[in-house]
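> dropping the sequence and predicted coords here.
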Amino acid sequence: MRQITDLSQLAQWQAEFACSTQPLAFVPTMGNLHAGHLALLAEAQALNPRPRTLVSIFVNPLQFNDAADLARYPRTLDDDLAQLRHAGTDAVFVPPVDALLPARDGGVRIDPGALAQGWEGAARAGHFTGMATIVAKLFHLIRPQFALFGEKDIQQLIIVQSMVRDLNFPVNILAVPTQRAPDGLALSSRNRFLSDTERALAPQIYAQLTASAEAIIRGEAADLVLQRARAQLTSAGFIVDYFALCDAAQLQPMPHFSGDAILLVAAQLGAVRLIDNLRISP
Ligand code: PAF
């Protein structure tokens with residue numbers, strides 16, 4: 001596995017494959033890798049023809065609106081590299097912050113538009129602008145034919161798809177289903193901050209998602225189902241930010257279930273903000 005730490009090494013690695021027709025698949029991450037990230041990589045490696053794979057590890061300061069959250073984001077590089085090596089990654093790109101955000105950064109940013117206004121965008125000001133800007137930079141530097149994103153961060157995925165479409169980026173975005181623990185909890189780097197008691201409660205989020213999806217498909221009124229889910233999570237000890245039904249394309253609230261929809265949830269458990277979602281079709 002080639003370990004690339006600056007832009008000239010990246011250019012050098014690209015140059016070595018300049019004459020190759022083998023595609024390049026890119027998995028952007030912020031490190032602290034778990035089975036969810038490895039599923040993205042495995043999906044890339046399963047493409048036919050098998051592409052070269054590059055994983056980036058970069059804790060992007062632009063997408064944190066809270067300095068304390070950025071400071072405590074788990075950084076586990078040695079373990080990440082061992083996992084990537086074991087999984088047969090071709091290259092890992094681990095730039096220092098000033099390689100992607102140099103002091104002369106002029107402040108040009110990607111405006112992700114209306115899709116970024118609600119849900120996580122409302123809770124975390126500037127988050128999606130910072131995410132889209134760094135993903136755009138990584139796409140320019142890495143020039144992959146494929147890039148893989150998890151459905152766990154569904155709003156992020158939809159914004160990246162929209163950016164690529166609106167700005168004609170020459171990359172195919174592949175969506176990979178959320179990886180879950182056996183009890184249903186969506187895998188996330190933030191799960192490690194849950195206490196044992198919180199970890200035991202956390203699967204209730206997915207339990208409420210599946211129960212709500214079933215009730216809505218059975219024909220119960222969506223607003224009542226959502227209200228019940230919020231109340232049950234609240235009484236279990238969560239502070240629910242949103243538990244909503246939206247259309248799967250624009251993530252606009254859907255008052256009555258019709259067509260392709262997604263249940264979206266964000267809830268705070270202790271110090272940890274958990275998000276999850278579940279797609280439902282008639
Ligand atoms: O999902 C993430 O880990 C990040 O938002 C991403 C896509 C790597 C951009 O920093």
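Thanks, I have the structure now. Model, not experiment: these values are computed from the prediction. Numbers count the residues shown, from 1 in each chain.
> show me the contacts for residue 215.
Neighbour list for residue 215: residue 225 [criterion: Cβ atoms under 8 Å, 6 or more residues apart in numbering]. Glycine gets a C-beta too; all of them are placed from N, C-alpha and C.
> that one belongs to a helix?
Yes - residue state for residue 215 (DSSP: H, G, I helix; E, B strand; the rest coil) corresponds to a helix.
> what about stretch 212-225, how long is it end to end?
The distance separating the two terminal residues of stretch 212-225, taken as Cα to Cα, to the nearest Å, comes to 6 Å.
> pull the residues that contact stretch 125-142.
7, 10, 24, 26, 28, 54, 56, 58, 60-65, 93, 100, 108-112, 115-116, 120-121, 147, 155-156, 159-160, 163-164, 167, 169, 171.
> so which of those residues are also by the ligand?
With Cβ under 6 Å from any ligand atom as the criterion, the members of the contacts of stretch 125-142 in contact with the ligand are 28, 60, 63, 156.
> out of these, which end up buried?
In these, burial by neighbour count holds for 28, 60, 63, 156, counting by 16 or more other Cβ atoms under 10 Å.
> what comes up buried for stretch 125-138?
Buried positions in stretch 125-138, judged by neighbour count with 16+ other Cβ under 10 Å: 127-138.
> could you do stretch 259-274 as well?
Neighbour-count burial for stretch 259-274 [16+ other Cβ under 10 Å]: 261-267, 269, 272-274.
> which ones are touching the closest residue in space to residue 17 that isn't next to it in sequence?
Spatial nearest neighbour of residue 17, excluding adjacent residues (Cβ to Cβ, 6 or more residues apart in numbering): residue 52 at 6.7 Å. If you count contacts by Cβ under 8 Å, 6+ apart, residue 52 has them with 17, 20, 22-25, 90-91.
> next structured bit after the lowest-mean-pLDDT helix or strand in the chain?
Among the secondary structure pieces of the chain, namely its helices and strands, helix 67-72 has the lowest mean (mean pLDDT, DSSP states H and E), a mean of 92. Tracing the chain past helix 67-72, the next element assigned as helix or strand by DSSP states H and E is helix 77-86.
> how about that following helix and the ligand, touching?
No - judged by Cβ under 6 Å from any ligand atom, helix 77-86 makes no contact with the ligand; its nearest approach is 12.2 Å.
> send me that helix as CSV with only the CA atoms.
Included here for helix 77-86 are C-alpha records, laid out as CSV according to Å, rounded to 0.1, in the frame of the first residue of the first chain:
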residue,chain,number,x,y,z
LEU,A,77,-4.0,6.6,12.1
ASP,A,78,-1.9,3.5,12.9
ASP,A,79,-4.9,1.3,13.3
ASP,A,80,-6.5,2.8,10.2
LEU,A,81,-3.4,2.1,8.1
ALA,A,82,-3.3,-1.5,9.4
GLN,A,83,-6.9,-2.1,8.4
LEU,A,84,-6.4,-0.6,5.0
ARG,A,85,-3.3,-2.6,4.4
HIS,A,86,-5.1,-5.8,5.4
